[in-house]
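Enquirer: everything below, folded, please.
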Amino acid sequence: MSKRYKQLVEKIDASKAYSVTEAAVAVKDLTSAKFDETVEIAMNLNVDPRHADQMVRGAIVLPHGTGKTVRVAVFAKGVKADEAKAAGADIVGTDDLVADIKQGIFNFDVVVAAPDCMGLVGQIGRILGPKGLMPNPKTGTVTPDVATAVKNVKGGQVNFRVDKKGNIHAGIGKASFGAEQIAENLTSFLVAINKQKPASAKGRYIKNAALSLTMSPAVKLDLVELADIK
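Expert: Numbering: from 1, shown residues only. Below is the predicted model:
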């Protein structure tokens, strides 16, 4: 453990479960890198994603955005393609975009698709899927309203999905944000997570959760408070 990291650890009360507001203030005090670190939420949910009815997945547009510039590629044609371009899409295409992706060209962070282009997207599903780039109706990235999807993604939409062990990780802001902005983004994210609680999930839904910066130790969150954020 480096001297810098030890100093950061000493700023945190390891025995304490922080409220959302307290955690937002605490992570601001952990800023130490020479770049604008990402504020990250990590949590473990009491679900078994092997069962389809316990797959927690969705998207939320954060009130203050993520602080990250997101490049969006859109599969659309005709009027939908024009709408996507007008909304600020970085790349819009069909067969040409499929060809680029098959060649390993990934100059985008998120893929949006109009429903009538999903046949094309299916051709590269095995490439996009493992990279977490496959469009999905649950995250609003397969939609006839491609313009709104592009605006949402550009405006700070965060997609989330549990892994095989029930973990979720997401970037919800930057260290340069104010503590109030961080708290409001975190609250919005938690509302989205709680809305996705499966009916079949028994016991405490959020088993543990922590807030941190890219290069900081984590601040434990108060699970009782998190459960009440609706």
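Enquirer: the helices in the chain, which residues?
Expert: 3-9, 20-28, 79-86, 95-102, 118-122, 125-128, 146-154, 179-195, 223-228 (DSSP state H).
Enquirer: output the helix or strand bottoming out on mean pLDDT in the chain as PDB, nothing but the C-alphas.
Expert: In the chain, no helix or strand scores lower on mean pLDDT, DSSP states H and E than helix 3-9, which sits at a mean of 88. Output in PDB follows, covering the C-alpha atoms of helix 3-9 (Å, rounded to 0.1, in the frame of the first residue of the first chain):
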ATOM      1  CA  LYS A   3       1.900   6.300   1.300                       C
ATOM      2  CA  ARG A   4      -0.700   8.200  -0.600                       C
ATOM      3  CA  TYR A   5      -3.200   5.400  -0.300                       C
ATOM      4  CA  LYS A   6      -2.600   5.000   3.400                       C
ATOM      5  CA  GLN A   7      -3.300   8.700   3.900                       C
ATOM      6  CA  LEU A   8      -6.600   8.300   2.100                       C
ATOM      7  CA  VAL A   9      -7.600   5.300   4.100                       C
END
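Enquirer: kindly provide the distance from residue 83 to residue 29.
Expert: To residue 29, residue 83 is 44 Å away according to C-beta to C-beta, to the nearest Å. The way it works is simple: take the backbone N, C-alpha and C, and place the C-beta from them, glycine included.
Enquirer: comparing these two, which residue is more hemmed in?
Expert: For residue 83 versus residue 29, neighbours defined as other C-beta atoms under 10 Å are more numerous around residue 83 (20 against 13).
Enquirer: leaving out the residues flanking it, which one is nearest to the more buried one?
Expert: residue 147 (4.3 Å; C-beta to C-beta, 6 or more residues apart in numbering).
Enquirer: count of neighbours near the one you found?
Expert: Based on other C-beta under 10 Å, the number of other residues close to residue 147 is 21.
Enquirer: ok, residue 27 next?
Expert: By other C-beta under 10 Å, neighbour count at residue 27 equals 28.
Enquirer: in stretch 69-78, what's buried?
Expert: 70, 72, 73, 74, 75, 76, 77 (16 or more other C-beta atoms under 10 Å).
Enquirer: so what's the gap between it and the chain middle?
Expert: 18 Å (C-alpha atoms, centre = their mean, to the nearest Å).
Enquirer: and stretch 116-127, by the same measure?
Expert: For stretch 116-127, the distance to the chain centre is 23 Å (C-alpha atoms, centre = their mean).
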